[in-house]
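Q: give the three-dimensional model of this entry:
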Amino acid sequence: MARSKKTSRARKVSKADGTAAGSAGATDVAGIVDKAHVLLAQSNFELAIKFLERALELEPTNLEARELAGVAELEGGDAERGRAHLLHLFPPHAAEAPTLPAPYLYLAQVAQDPQEALGYYSTATAMVENTLGGKGKSRAVADAAEVEELTRMAVTAIVAMVEIWMSDLCFEEAASANCDALIARALAIAPTDPEALMALASIRMSQSKFDEAKDVVMRVYAELEGRDPFDPLLPGLPVRLQFSRLLLEHNLQMEALDVLSTVREEDSLEVEGAYLEGWAWHLRAEALVADPTLLDKEKAERGPPAEGEDEDDDAPLSADECFSESLRCLLECAKLFGEQDYPDQGIGAHLQELLNGLQARGVQPAVAEEAAAGEGEDEDVEMA
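A: Residues are numbered from 1 along each chain as shown. All right, here's what the predicted structure looks like:
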């Protein structure tokens, strides 16, 4: 499930550099908490936890220190300790329940059952909707950046609820209706949000409304098509990776490759990006083998080249060429998978299956453009 944003921004602190919570000034709880904010922003969860433990020793009822301790433990990988800290923000440990959404979002991620998670997500979403003015403004929204952050928080929480209804609670009678109601709320908040639209497409797929699902997918793609890597209007890498999978589900391999090209250029070490690129080329090759007239059909749809363009400038690859591109990407993915000790064994198993199949076909990997350019400059260069 998607993780919520940090509960607080790191505040400005003095440049005095303490190395442990027991150093000079350790009795200054506010200073310790400030230092913990900085450490959290640096993803130094282990040291942040040490500072926050000291703060809570000195002031066990400090809610800010307690919340940050919960966040630090969750981010550091100890869900049980993180949950315990966050539950201390609620009665009977505290006088009243938190009035900001972040603790609820974090607790939803470590909930002990789907209904508990839905409860936390629902409370957090209602708080954000109130702040945004959806159910009566409770306070003035400071600026456009805050509106954007709150909107993203609400959409992420709602999509998480949709995912629960589509997975853990998919056999419940009310699942389909609840998904429709939830996604309507998300789109009312952010009508063009890619994550919300992707969830809508998944809902329509689960309802066997395949044409509607494909229409939604193409709406998202129209917003991303032609954008250069690092374009600030592109959604984050995880969203693009998820969207690429959705495109492949709809047999839109070339569109998926277009989106994946931005992922691969922005992060060439992303294992899932390399895997999906190889898988997309593989599916494209299989589609060409299954329908030998596909290239002619696509050529007819594109129409004649524009004036001054060569017809062969952007000629689509043949099935054999697509298989070669697939092998190139998958070999790169296998190398990254091993180097990073990548944890997703599902990707690992499918990767090995694809490599075995391609090698059994006698496919040779395509040469990357950079390698080809290097060979042209230096005859001694060999492909690994």
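
Q: do I have it right that Q253 meets A280?
A: Yes - with contact defined as CB atoms under 8 Å, Q253 reaches A280; the gap is 4.9 Å. The C-beta positions use only the backbone N, C-alpha and C, and glycine is treated the same way.

Q: higher neighbour count, the two?
A: More crowded of Q253 and A280, by other CB atoms under 10 Å: A280, with 27 against 22.

Q: what sits against that one?
A: Residues in contact with A280 (CB atoms under 8 Å, 6 or more residues apart in numbering) are S244, L248, Q253, A256, L257, L260.

Q: what's the helix or strand for it?
A: Taking DSSP states H and E as the criterion, A280 maps to helix 271-290.

Q: same question, T192
A: Using DSSP H and E, no helix or strand contains T192.

Q: that one and S202: what is the separation?
A: 17 Å (CB to CB, to the nearest Å).

Q: higher neighbour count, those two?
A: The neighbour count for T192 versus S202, taken as other CB under 10 Å, is higher for S202 (22 against 10).

Q: count the neighbours of the spatially closest residue to Q253 that is not a sequence neighbour for me.
A: Nearest residue to Q253 in three dimensions, chain neighbours excluded: R284, at 4.1 Å (CB to CB, 6 or more residues apart in numbering). Neighbour count of R284, defined by other CB under 10 Å: 25.

Q: measure A319 to L294 for me?
A: 9 Å.

Q: likewise for A315?
A: Applying CB to CB to A315 and L294 gives a distance of 14 Å.

Q: before we move on, what about E195?
A: 32 Å.

Q: check which helix or strand covers the residue positioned nearest the centre of the chain.
A: Nearest to the mean C-alpha position of the chain, counting by CA atoms, centre = their mean, stands P238 at 2.6 Å. Applying DSSP H and E as the criterion places P238 in helix 237-249.

Q: show me what that helix is in contact with.
A: Counting by CB under 8 Å, 6+ apart, 2, 194-195, 198, 201-202, 205, 217, 220-221, 224, 234-235, 253, 255-256, 259-260, 262-263, 266-267, 270, 272-273, 276, 279-280, 283 sit against helix 237-249.

Q: swap in stretch 209-228?
A: 192, 194, 197-198, 200-202, 204-205, 233-235, 240, 243, 246-247, 250, 252, 255, 258-259, 262.

Q: can we see that at 10 Å?
A: With CB atoms under 10 Å, 6 or more residues apart in numbering as the contact definition, stretch 209-228 has outside contacts at 192-207, 231, 233-235, 239-240, 243, 246-247, 249-252, 255-256, 258-259, 261-262, 265.
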